[in-house]
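**Student:** Let's see this in three dimensions:
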Amino acid sequence: MNSADYELIIVGGGPAGLTAGLYAARSQLKAVLLEKGAVGGQVLLTDWIDNYPGFPEGLTGFDLVDKMAAQAARFGLETQVANIISMDLSGPLKKLYLEDGKELTAKALIIATGARPNTLGIPGEAELTGKGVSYCATCDAPFYRDQEVAVVGGGNTAVQEAIYLTRFASKVTVIHRRDTLRATKVYQDEAFANEKIDFLWNSVVTHVDGKNGVESIRIKDTMEGQESVLKLQGIFVLIGTIPNNEMLPAHQLAMEDGFLVTDNEMRTNIPGVTAAGDIRSKAVRQVVNAAGEGAVAEQSIEEYLGEHSS
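**Tutor:** Predicted coordinates:
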């Protein structure tokens, strides 16, 4: 294999990328982690994490990724701030082209660029994210025990998460811009039969209001134009997830709805390229499984490098 700048380049500094970096550094690979901003990814936007093993009291998203980054740094992981414009993964050397005009090459690549939730883009949403505005019921539902919440969306995820929320919340209002749900019928039937779930049809949320946390939302009827206020303590926006794939060569990598397709060992269709975390096509997107996937992705790369050592 031709000379490369690195044995391994890891793209993305969230839990998946940091875990892969930790494993690579401990194995003394010549590796670098590239992140276009602060390491941490979406976890940095998480106010409090209660379900990551090993922290019985819970901790902030910032504290968790700070500990992950410090652990990887202890073993000497190199990190760089870099904005990747494009990649060429067709040859034995993986080529990454950066915004500043530089080119980096590696024998292997781990893609851990993550994903981001679709947002409503309304006043108060960004300001109260993590303070009553959430994009993951599995993550945050226990914080709303015996409180009233809303779910925005009508697909499978929204309806499934609304059902899950009823384990904790006293009332769940599903707000949908149409008059019928898009979710599979079996999920619809379960939601309609749940006494804790109400539905607001042909409605959109226009504002999220509150000082230190969500106190109410403003709703507009898309048919009549009438506006109303719904008092509650939480709103879950579940209208889809966007993969961070803008820099990836879609004509080379196998994708499904923009997410990378891998096998159980995190290997993509391109030899020497693995993927981990929310960029993968999968059902569960949690910090804990992103970290696990990062470890598996790096182990697969070590196996690949061992087989292709010169």
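
**Student:** count of neighbours near residue 281?
**Tutor:** Residues near residue 281, counting by other C-beta atoms under 10 Å, number 15. Heads up, the C-betas are built off the backbone N, CA and C, glycines and all.

**Student:** helices and strands around the helix or strand bottoming out on mean pLDDT in the chain, which ones?
**Tutor:** The helix or strand of the chain with the poorest confidence is helix 137-140; it has a mean of 90 (mean pLDDT, DSSP states H and E). Packed against helix 137-140 by the contact rule (3 or more C-beta pairs under 8 Å, 6 or more residues apart in numbering; DSSP states H and E) you find helix 156-165, strand 234-237.

**Student:** Could you export those as a markdown table, including mean pLDDT, mean neighbour count and distance to residue 92?
**Tutor:** Shown next, in a markdown table, are the helices and strands packed on helix 137-140 (pLDDT from 0 to 100; neighbours: other C-beta atoms under 10 Å; distance: least, C-beta to C-beta, whole Å):
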| stretch | mean pLDDT | mean neighbour count | distance to residue 92 |
| --- | --- | --- | --- |
| helix 156-165 | 96 | 22 | 39 |
| strand 234-237 | 98 | 26 | 43 |
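
**Student:** Indicate which one of these is closest to residue 134.
**Tutor:** Comparing the helices and strands packed on helix 137-140 against residue 134 with C-beta to C-beta, the closest turns out to be strand 234-237 (5.1 Å).

**Student:** Run me through the strand neighbours of the closest one, direction for each.
**Tutor:** Strand 234-237 has its sheet partners listed here by DSSP bridges as strand 133-134 (parallel), strand 148-152 (parallel).

**Student:** ok, back up a step: among the helices and strands packed on helix 137-140, which is nearest residue 57?
**Tutor:** strand 234-237 (21.9 Å).

**Student:** who's in contact with the closest one?
**Tutor:** 117-120, 125, 132-137, 140, 143-144, 147-153, 158, 161-162, 165, 169, 205, 208, 214, 217 (C-beta atoms under 8 Å, 6 or more residues apart in numbering).

**Student:** Any buried residues in the next helix or strand after it, and which?
**Tutor:** Using DSSP states H and E, the next helix or strand after strand 234-237 towards the C-terminus is strand 241-243. Under the neighbour-count criterion of 16 or more other C-beta atoms under 10 Å, strand 241-243 has 241, 243 buried.

**Student:** So which elements touch strand 241-243?
**Tutor:** Using 3+ C-beta pairs under 8 Å, 6+ apart, strand 241-243 sits against strand 115-117.

**Student:** what about the helix or strand where residue 25 lies, distance to the chain center?
**Tutor:** Assigning secondary structure by DSSP H and E places residue 25 in helix 15-26. Computed by C-alpha atoms, centre = their mean, to the nearest Å, the chain-centroid distance of helix 15-26 equals 17 Å.

**Student:** Next: stretch 238-246.
**Tutor:** 8 Å.

**Student:** ok, back up a step: which of the helices and strands packed on helix 137-140 sits closest to residue 45?
**Tutor:** Between those, strand 234-237 lies closest to residue 45; by C-beta to C-beta that is 12.6 Å.

**Student:** would you put the C-alpha positions of that closest one in PDB?
**Tutor:** Presented in PDB, the C-alpha positions along strand 234-237 are these (Å, rounded to 0.1, in the frame of the first residue of the first chain):
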ATOM      1  CA  GLY A 234     -42.300  19.600  27.400                       C
ATOM      2  CA  ILE A 235     -42.400  19.300  23.600                       C
ATOM      3  CA  PHE A 236     -40.800  16.500  21.600                       C
ATOM      4  CA  VAL A 237     -40.100  17.400  18.000                       C
END
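
**Student:** for the protein, what's the longest strand?
**Tutor:** As assigned by DSSP state E, the longest strand anywhere in the chain is strand 103-111.

**Student:** Show me how this protein divides into domains.
**Tutor:** With automatic domain parsing serving as the domain definition, the record reports that the chain contains domains spanning 6-117+241-307, 133-237.

**Student:** which residue ranges form the strands in the stretch 151-300 of the chain?
**Tutor:** 171-175, 197-200, 203-209, 216-221, 227-231, 234-237, 241-243, 255-256, 259-260, 273-275 (DSSP state E, counting those that start in this stretch).

**Student:** who are the neighbours of the second one, in terms of helices and strands?
**Tutor:** Translated: strand 197-200. On a contact count with 3+ C-beta pairs under 8 Å, 6+ apart, strand 197-200 meets strand 171-175.
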